[in-house]
Structure formats: structure tokens, C-alpha cells
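> give the three-dimensional model of this entry:
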Amino acid sequence: SEEYKRDAIELVRSSGRTVTEVARELGVSSESLRGWVKKARAAQDTGSGPGSVRAGRAADDRDEELKRLRKLTAEQAKTIEILKKATAFFVKESDR
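Residues are numbered from 1 along each chain as shown. Reported below is the predicted structural model:
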């Protein structure tokens, strides 16, 4: 959906991570996400289009959405770290 694309684009812009990293986290192809970001930048430069940053939304809504996405990203990063540690533990245990 367009909202999903806008959220993904905003995540790339706000997280400081590469398009490839964000695409992998979201489960979309990096080329698709790269295209969405490029299209959004072009729309932002012209000041129009559905790909422009939060077109038609109030600034407060953008801020809340950005906070939500940052919180979600932090939670997912913690989950990934826990899973990495669990994987390492079980690999170590299976070698015994």
C-alpha cells in the first residue's frame, strides 16, 4: 500500500541505515525499496505526488509516526540481538 511505502521510505531516511538493511528487515527487495526512495525524493523535489513525505498529513501525525517507527525499530533490534545470542547458545550446546 502507499502508506506502507511511505513508512518504509521514512524508516530509511530516519534510521541512518542503508536501504539494503531496511529492506531486509521489512522483507522487501532492496531494489524495490531503493526505487520507492528515489521516486519519493523526485516527488519531494517537485513538491507533489503521493510519494512526497507524508503528503497531506499534519506535522504532529508525522512526528508521532516517526516516534512509533523508531520505537518499533529499537524493539526489533533488541529481538534480533536476543535471537543471535540464543542461536549462539544452542549451537554451542549442540557441539557437545
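
> only C-alpha atoms for contact and neighbour calcs from this point on.
Will do.

> what residues are up against the most centrally placed residue in the chain?
Per C-alpha atoms, centre = their mean, the C-alpha nearest to the average position across the chain is that of L11, at 3.7 Å. Going by C-alpha atoms under 8 Å, 6 or more residues apart in numbering, L11 touches V22, L66, L69, R70.

> what's the offset of whichever strand or helix holds it from the middle of its chain?
L11 is part of helix 2-15, with elements assigned from DSSP states H and E. With C-alpha atoms, centre = their mean, to the nearest Å as the basis, helix 2-15 stands 6 Å off its chain's centre.

> the helix or strand harbouring L69 to helix 2-15, inter-axis angle?
For L69, the host element (DSSP H and E) is helix 59-94. Angle, helix 59-94 to helix 2-15, by axes from the mean of the first three to the mean of the last three C-alpha atoms, to 10 degrees: 80 degrees.

> are any of the contacts of L11 buried, and which?
Buried residues within the contacts of L11, defined by neighbour count using 16 or more other C-alpha atoms under 10 Å: V22, L66, L69.

> and of those residues, the nearest to R34?
Proximity of those to R34 (C-alpha to C-alpha) peaks at V22, which lies at 10.1 Å.

> pLDDT value on the nearest residue to the closest one once chain neighbours are set aside, please?
Nearest residue to V22, sequence neighbours excluded (C-alpha to C-alpha, 6 or more residues apart in numbering): V12, at 6.4 Å. Looking at V12, its pLDDT reads 86.

> assess the claim that V12 and E25 are in contact.
No: look at V12 against E25 with C-alpha atoms under 8 Å: they stay out of range, at 11.0 Å.

> neighbour-wise, which of these two wins?
Just comparing V12 and E25: by other C-alpha atoms under 10 Å the higher neighbour count belongs to V12, 20 against 12.

> who does the host helix or strand of A40 touch, helix- and strand-wise?
Using DSSP H and E, A40 falls within helix 30-46. On a contact count with 3 or more C-alpha pairs under 8 Å, 6 or more residues apart in numbering; DSSP states H and E, helix 30-46 meets helix 2-15, helix 19-26.

> got the ones you listed as CSV, with distance to K78 columns?
Listed next are the helices and strands packed on helix 30-46 as CSV, based on distance: least, C-alpha to C-alpha, whole Å:
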stretch, distance to K78
helix 2-15, 15
helix 19-26, 13
